[in-house]
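> Give me a model of this one.
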Amino acid sequence: QLGRTSARFGIPQDGQQRSLVNEVAHQQFRESTTDEERSRLPKYDDESDVGLMRALEQLRRPLCFDELVGYGFSPQEQSSSVTRTIFDGWSAAVSGHMMRG
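Below is the predicted model of the structure:
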């Protein structure tokens with residue numbers, strides 16, 4: 001959000017490849033990720049370093065299903081596990097996680 005607040009932070013200055021905000025995100029990503037995390041998060045051509053940091057934060061969060069709709073779900077202790085006990089009708093488990101690919 002800092003980059004949106006001030007063009008000085010969000011737009012690369014003369015002679016710079018990255019804005020100040022993207023440079024900080026780039027350094028933080030490089031210093032804080034494991035080899036496994038880097039292998040799972042290739043940077044897309046049009047992706048900013050801030051966007052890559054957002055993807056890293058999401059990768060580190062446990063998978064959970066935010067909403068269960070339909071019929072036959074049994075109560076779960078963990079939101080990453082869903083059991084359907086009735087097989088008539090329809091049902092869906094919805095997660096806010098975005099897939100990269």
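
> drop to CA atoms for contacts and neighbour counts, all remaining ones
Will do.

> what sits against the residue of the chain most remote from its centre?
Most distant from the centre of the chain: residue 88, at 33.8 Å, with distances by Cα atoms, centre = their mean. Taking Cα atoms under 8 Å, 6 or more residues apart in numbering as the criterion, residue 88 is in contact with 71, 72.

> try 10 Å this time
By Cα atoms under 10 Å, 6 or more residues apart in numbering, the contact list for residue 88 reads 70, 71, 72.

> just residue 45 next, same as before
Residue 45 touches nothing, counting by Cα under 10 Å, 6+ apart.

> Quickly note the distance from it to residue 52.
Relative to residue 52, residue 45 is positioned 11 Å away (Cα to Cα, to the nearest Å).

> what does residue 42 give?
9 Å.

> Which one of the two is surrounded by more residues?
Taking neighbours as other Cα atoms under 10 Å, residue 42 and residue 52 compare with residue 52 leading, 19 against 12.

> pLDDT value on the more buried one, please?
The score at residue 52 is 93. That number is its pLDDT.

> Would you agree it is in contact with residue 25?
Yes - contact between residue 52 and residue 25 holds when scored by Cα atoms under 10 Å: they sit 8.2 Å apart.

> so residue 69, which of the three states?
Secondary structure, DSSP: H, G, I helix; E, B strand; the rest coil: residue 69 is strand.

> And the contacts of residue 88, which of them are buried?
Taking 16 or more other Cα atoms under 10 Å as the criterion, what is buried in those is residue 72.

> Where does pLDDT dip in this structure?
1-16, 75-76, 79-80, 101 (pLDDT under 70).

> Now do the strands in the chain.
67-70, 91-94 (DSSP state E).

> can I get the ones you listed in a markdown table with distance to residue 35?
What follows is the strands of the chain, written out as a markdown table (distance: least, Cα to Cα, whole Å):
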| stretch | distance to residue 35 |
| --- | --- |
| strand 67-70 | 32 |
| strand 91-94 | 30 |
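
> Select, out of those strands, the one closest to residue 61.
Set against residue 61 and scored by Cα to Cα, the strands of the chain come closest in strand 91-94, at 15.8 Å.
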